[in-house]
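> I would like the atomic coordinates for the input below:
(chains A and B)
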There are 2 protein chains.
Amino acid sequence: MGNIVVAIDIGGTGVKFGLVDRTGKILTTSKVKTAEYHEPEKLAADIFTWADAEAKKINASITGVGIGTPNGNYFKGTIDFAPNLPWKGVIPLKKLFEKKFGVHVALTNDAKAAALGELYFGNAKGMKDFLFITLGTGLGSGIVVNGAIVYGYDSLAGEVGHVIMMPNGRQCPCGRKGCLEQYVSAPGIVKTYYEVLRTKNLDEFRTSLGGMIDSEVLYKKAESGDATALEAFEKTGEMLGLALSNSVCYTRPEKIFLFGGLAQAGDLIFKPTIKSFEENLLPIYKNKIPILPSGLHESEAAILGSASLIWNELN
Amino acid sequence: MGNIVVAIDIGGTGVKFGLVDRTGKILTTSKVKTAEYHEPEKLAADIFTWADAEAKKINASITGVGIGTPNGNYFKGTIDFAPNLPWKGVIPLKKLFEKKFGVHVALTNDAKAAALGELYFGNAKGMKDFLFITLGTGLGSGIVVNGAIVYGYDSLAGEVGHVIMMPNGRQCPCGRKGCLEQYVSAPGIVKTYYEVLRTKNLDEFRTSLGGMIDSEVLYKKAESGDATALEAFEKTGEMLGLALSNSVCYTRPEKIFLFGGLAQAGDLIFKPTIKSFEENLLPIYKNKIPILPSGLHESEAAILGSASLIWNELN
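Numbers count the residues shown, from 1 in each chain, chains lettered A, B, ... in the order given. Next up, the predicted model:
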């Protein structure tokens, strides 16, 4: 076995990590609970112990560590004020891991890492310009221009989920109103469902408030033909299509990839999104930009993203 | 004298051209009327005759030709379906000029050329990430990421003027409704003025329709304290500020530069724009991104932009 990298995906609940080779093959993985690590140094130490032992088993050499994390700052190598992680303030995670591992470490936010995963191991192989959107608890984005992630001046570019779509719209935890991710995300589509239900069937709306559904249940309702659930998907797709058509005016991607739970609803979300996208698109872009599912498997994307980040640097 | 470039700015009314050295000094200029050139080959021939003679006078050598033009496609070197030029369809202008001049030719759209002018000879010197906005008959944009213009997949990136700000808003000649440039541009602010006037003073509105004012007159009205004109500037700035705050979510520029007639209104447009920008900005970007006037002189920007385009390639 030759050179491999350690790929780490830090989330609010768990930290997943694995060894990945240059072809994107995940050789072995493990995970720990985020809450059990009050000190990030302890996390670095435990992952090192694990990775070192695993690498020896397969006679491989660790050449780098790639980390995808919420609020990861690529330029500084830090996690900055992540509300859902146990470490407060600015955490110099890159430095901590470099000290422990003695190899090159790279860190970025999770959506940007996943976009690189798409570029190296997914459906965007060889592409120079594309847009990658993750639809989960929020709406994350990784913008690729000229073959590289757009970091902007301070590494904080690519916050498409916080484009204001509805001035004075739904309250966003960011402090503003009407951000795209308040409409297009797992919680967003559920809110839309209840908005539609209230106008369609006030009695059912009142009864339903006792046990609010999540986006999984909403998907099943829509699949079984529930008109209200279907309308929620329609409206969500309309908003996403408009947002993506505006996005094209900035960086004109070759293709757009949708990833994450909501994207797995297939036609239910893709059809209304593509319809609205094409309707709202500037004529010079019409019928030229496919919106496609990500080529990454849900369970592997984060690890492959973190692996791509470091392979990208080592290349 | 050493190497110089021929810089050409093609517009609907006139074609301006000049010889520019590596430091951005415009050595000599001339112009012709666009309508007199039914054949683009004739334009190339006449500019060559002029440039060759001028270069000889100063003992300089022409090393390239840079062209800024409406609907210019950088990748193909063509002008594609420009509604305001006498040449219909797709015109291989780069090829025509290369044939005539025998040197390297580069062509792009006017806003992208002007953004490069800002990078090489204006206020964006040495910057890697900035946003350049031209406010004229329309709203043009040049986005710089990682030190290079964002062309996207087909060279047609950077159409910020066509981001839809108001679904079902004002009709845009592009066929859609509510595009940013229908509000934020010389004609856009005049429309806003009349909208405000109609709600404030219907009699004056009716009388005024006999001789509609232009943005210059509107500027003078605002300067002399006319409340309606001032409100038109306020509203225009509000819309521009919101649009720019959304733009930041894509490419996180270090600075934003405003160029063109409307930008020359100074505080009248900058103050409400910056106020709305900061109010609408995602907290991570607040108070970090200056919105500034372009460093290019109105009369020289187009020529310097075209010159930058070709110096950029020759570098």
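
> Could you check the pLDDT of residue A:68?
If you check residue A:68, the pLDDT there is 96.

> by contact count, what packs against the helix or strand residue A:207 falls within?
Per DSSP states H and E, residue A:207 falls inside helix A:202-208. With contacts taken as 3 or more C-beta pairs under 8 Å, 6 or more residues apart in numbering or on different chains; DSSP states H and E, helix A:202-208 sits against helix A:186-200. For the C-beta atoms, the positions are set from N, CA and C on the backbone; glycine is no exception.

> Other residues contacting the helix it packs on?
A:135-137, A:139, A:170, A:181-183, A:204-205, A:208-209, A:212-215, A:218, A:227-229, A:231-233, A:235-236, A:261-262 (C-beta atoms under 8 Å, 6 or more residues apart in numbering or on different chains).

> still on that earlier bit, can you list the buried residues in whatever helix or strand comes next after the helix holding residue A:207?
Per DSSP H and E, helix A:202-208 leads on to helix A:215-223 as the next helix or strand towards the C-terminus. By neighbour count with 16 or more other C-beta atoms under 10 Å in any protein chain shown, helix A:215-223 contains the buried residues A:215, A:218-219, A:221-222.

> Contact partners for residue A:121?
By C-beta under 8 Å, 6+ apart, the contact set of residue A:121 is A:24, A:295-296, A:304, A:307-308.

> Out of the residues you listed, who's the most crowded?
Most neighbours among the contacts of residue A:121, by other C-beta atoms under 10 Å in any protein chain shown: residue A:307, with 34 neighbours.

> So what's the gap between the helix or strand that residue falls within and the chain middle?
Assessed by DSSP H and E, residue A:307 sits inside helix A:301-314. For helix A:301-314, the distance from its own C-alpha centre to the chain's C-alpha centre is 14 Å (C-alpha atoms, centre = their mean, to the nearest Å).

> returning to what we had before: how about CSV for the buried residues of helix A:215-223, with distance to chain B and pLDDT added?
What follows is the buried residues of helix A:215-223, written out as CSV (distance: C-beta to the nearest C-beta, whole Å; pLDDT from 0 to 100):
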residue, distance to chain B, pLDDT
A:215, 24, 91
A:218, 25, 95
A:219, 27, 96
A:221, 28, 95
A:222, 24, 97
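
> Tell me the residues of chain A that contact chain B?
Where chain A comes near chain B, counting by C-beta under 8 Å from any C-beta of the partner chain, the residues are A:128-129, A:143, A:145-146, A:148, A:150-154, A:156-160, A:162-164, A:167, A:174-176, A:242, A:245-247, A:249-254, A:280, A:282-285, A:288.

> returning to that earlier point: in the helix holding residue A:207, which residues are buried?
Result for helix A:202-208 [16+ other C-beta under 10 Å]: buried residues A:205, A:208.

> ok, now stretch A:170-181?
Of the residues in stretch A:170-181, those buried under the neighbour-count criterion (16+ other C-beta under 10 Å) are A:170, A:172, A:174, A:176, A:178-181.

> Looking at those, which are in strands?
Among the buried residues of stretch A:170-181, no member falls in strands (DSSP state E).

> Closest to residue B:46 out of the residues you listed?
Of all the buried residues of stretch A:170-181, residue B:46 sits closest to residue A:180, with 50.6 Å by C-beta to C-beta.

> Quick check, the residue in the stretch 101-250 of chain A closest to chain B?
Going by C-beta to the nearest C-beta, chain B is nearest to residue A:152 of the stretch 101-250 of chain A, at 2.6 Å.

> Just give the nearest non-adjacent residue to that residue, would you?
residue B:252 (2.6 Å; C-beta to C-beta, 6 or more residues apart in numbering or on different chains).

> count of residues packed around residue A:147?
12.

> just checking, it touches residue A:128?
Yes - using C-beta atoms under 8 Å, residue A:147 is in contact with residue A:128, at 4.6 Å.

> which helices and strands does the helix or strand residue A:268 falls within pack with?
Assigned by DSSP H and E, residue A:268 belongs to helix A:267-280. Contact partners of helix A:267-280 among helices and strands, from 3+ C-beta pairs under 8 Å, 6+ apart: helix A:215-223, helix A:227-251, strand A:255-259, strand A:291-293.
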